[in-house]
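Chemist: Got a predicted model here, sequence first, then my questions.
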Amino acid sequence: MSHVIAGRGKPSRLSRLSESIAPYLFLTPAFSLLLIFTIIPIINAARLMFYEWNLVSPPKFIGLGNFVRLFHDDVFLKSIYNTLYFVAGSVPLSVLPALPLAWLFSREWLKGRGVFEVIYFIPVVCGWVEVATVWRFLLDSRVGLVNYILGLLGIGRIKWLTDPSIVMIAVILVHAWKHIGYNTVIFHAAINSIPKFYYEAAEIDGASTHQIFRHVTIPLLMPIIFFVIVVNTIWAFYVFPQVYVLTHGGPGYASYTMVFYLYHYGFIMYDMGYAIASAMVLFALITLFAYFQGRILSREVRFK
Amino acid sequence: MKGDLKKYLIRALVYIILSANGVLMILPFVWMVVSSFKKSSEIYVFPPTFIPKRITLEGYITVFQLVDVVRIFLNTFIYATSVALGSTFIAALAAFSFAFFKFKGQRLLFSLIISLMAVPFFVYVIPLYVMLVRWHLVNTYLGLILPGLASPFSIFMLTQYMKTMPLEYIDAARLDGAPYSVIYFRIVLPYCKPIFIMLIVLTFLSAWTDFFWPLIILRTPEMQTLPVAIANLAGQYLHYWNVMMAFTTMAIIPVIVFFIVFRKIFLESAKVMGRLI
């Protein structure tokens, strides 16, 4: 009876047969759905990335043809560049400000902490499409509130969403605005879970508040900072709805990202094999990034 | 005395920093609501008005004329409820098996679940879409909902949680000869109530705000969910900002209310993620 419930209970009164199939029965709904709607499509994707396939004629094997075509397409290269630029900008901007904010949250004398937490978390729970629509209005170069406020400070009109050299910065800023609250709440919880005697020991040694933050709080938070950086990086690679709503990839191709490229070729052009190949390049990039980030950051954590 | 003054100044500064950032977080939503009550002409007034000169429902009325709002909300509600309840119950069944049984292939199947968590949706969305085209499930509730019903993440979370359950509970029931259904519904599920509710709430919200899949699988206006309908309207009426803000206000206010009602669960979920490490 290797399958006895909980591994150490008494033999069941149920028949041997039902006992042995029971665990599989409980797994059946989840695994049949996963098989049909996830596993089989994954296998098909791994195969069809080598095919030319436009839904009209049957898939035609072209070897690495899709990948050759991808890396000869300037728009795809631009999408890779934009995606990496977005990751490099949005991850520090959504993670770094959250640390001091969380630290301020953890001051014992602070009143209204719960209210602050709720307010900071509101952008996190709202949908990307709604949030991006509001920001598209706020960033409008003529009637937008942002340019009005900047105007009061003596800064001229900025074409946030229509100037190709600025548009990605706008997308990054909106992304950071939405994610800071999430990271702040995570860091705050982590700071609270640091045992008090670390701080007491540092205070007895005469450390200043700044020194305590730098030499006690930050090193103890390294594992959670690592986790937050990795999660934010993966999210940043998925950038899609914000681009779809804010700029629709424009002006021109100035804000094309990899998921937007995949959407365009998969669901507008119906160039299926080609779009799948572009998805695989993105997947490889994310996996590579997560792997190296994991190695670098875990080394950092160990030595601290 | 001098030390006290410095202390109070620092505290005041902290409140100012936190409040300023709070304003930054909330101001876009305030502006959205204010603008939604303006006439379209007032949107273009310079300098912008922070209280509408004439409060009007013009924006909201236009939304109701252009979009079948009730139907859109209903679609979104059907999608979010089915996926939230369905995926959590199905995940709980699988987790029950992983946490309390020993069977052949257990470790292999569990590592499969973990591997599937690492595969992003966009990797297999195209073959999935084509499959649903062949099955004539495009632009149907079934096509929208079915792929979301098995969530490796929920299975993983529930399994980890169930493993913390003291085995004595189950042993006692087993000795009494209770069938699995009793053990599952009367002992395991009540024990898992906190994480169970957390997953339902989180999945509900993520389906409510989901964009990529509904955008792809839904074709006609009467089938659309809120995010798709908003993006669609923005495609045609973008610069009618009072109309757009009225629609986003209608979509966002219920989400904010939902969040405030379940704020403990949301904030706790972020903290749980943090504590896992």
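Modeler: On my side now, so go ahead.
Chemist: Quick one, grab the pLDDT at residue 104.
Modeler: No chain in the question, so chain A it is. What the model reports for A:Leu104 is a pLDDT of 90.
Chemist: wrong one, chain B
Modeler: pLDDT, B:Lys104: 87.
Chemist: Quick check: phi and psi on it?
Modeler: phi -60, psi 140 (degrees, to the nearest 10).
Chemist: quick one: it and B:Gly177, what's the gap?
Modeler: 25 Å (CB to CB, to the nearest Å). (Each C-beta comes from the backbone N, C-alpha and C, glycine too.)
Chemist: ok, now A:Ile36?
Modeler: In terms of CB to CB, A:Ile36 sits 36 Å off from B:Gly177.
Chemist: and residue 202, what is it in contact with?
Modeler: Reading this off chain A. A:Ala202 is in contact with A:211-212, A:215-216, counting by CB atoms under 8 Å, 6 or more residues apart in numbering or on different chains.
Chemist: Sorry, I should have been clearer: chain B.
Modeler: Contacts of B:Leu202 by CB under 8 Å, 6+ apart are B:265-266, B:269.
Chemist: try 10 Å this time
Modeler: A:125, B:84, B:88, B:153-154, B:157, B:262, B:265-266, B:269 (CB atoms under 10 Å, 6 or more residues apart in numbering or on different chains).
Chemist: Buried subset of these, written for PyMOL?
Modeler: Those of those that count as buried under 16 or more other CB atoms under 10 Å in any protein chain shown are selected in PyMOL with:
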select buried, (chain A and resi 125) or (chain B and resi 84+88+154+157+262+265+266+269)
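Chemist: which ones among the contacts of B:Leu202 are found in helices?
Modeler: A:125, B:84, B:88, B:153-154, B:157, B:265-266, B:269 (DSSP state H).
Chemist: Have a look at A:Ile36 and B:Gly177 and say which one is more surrounded.
Modeler: For A:Ile36 versus B:Gly177, neighbours defined as other CB atoms under 10 Å in any protein chain shown are more numerous around A:Ile36 (15 against 10).
Chemist: what comes into contact with the helix or strand A:Ala102 falls within?
Modeler: Under the criterion of DSSP states H and E, A:Ala102 resides in helix A:98-105. Contacts of helix A:98-105 with the rest of the structure, by CB under 10 Å, 6+ apart, involve A:110, A:113, A:116-117, A:120, A:176, A:179-192, A:209, A:212-213, A:217-218, A:221, A:225, A:228, A:232, B:13-15, B:17-18, B:21.
Chemist: ok, longest helix in chain B?
Modeler: helix B:2-36.
Chemist: any idea which helix or strand comes after it?
Modeler: Following helix B:2-36 in sequence, per DSSP H and E, is helix B:40-43.
Chemist: can you tell if that following helix touches chain A?
Modeler: Yes - on the criterion CB under 10 Å from any CB of the partner chain, helix B:40-43 is in touch with chain A at B:Ile43.
Chemist: residues in contact with that helix?
Modeler: A:137, A:140, A:143, B:35, B:48-49, B:52-54, B:56, B:58-59, B:62, B:239-245.
Chemist: just the buried members of these?
Modeler: Buried, going by 16+ other CB under 10 Å: A:137, A:140, A:143, B:35, B:48, B:52, B:56, B:58-59, B:62, B:240-245, out of the contacts of helix B:40-43.
Chemist: Now do the closest residue in space to B:Met162 that isn't next to it in sequence against A:Leu27, distance only.
Modeler: Excluding the flanking residues, the one nearest B:Met162 by CB to CB, 6 or more residues apart in numbering or on different chains is B:Ala99, at 3.6 Å. The spacing between B:Ala99 and A:Leu27, counted by CB to CB, is 12 Å.
Chemist: The two: who's more crowded?
Modeler: Comparing B:Ala99 with A:Leu27 by other CB under 10 Å, the one with more neighbours is A:Leu27, at 25 against 20.
Chemist: buried residues in the longest helix of chain B?
Modeler: B:14, B:18, B:21-22, B:25, B:28-29, B:31-32, B:34-36.
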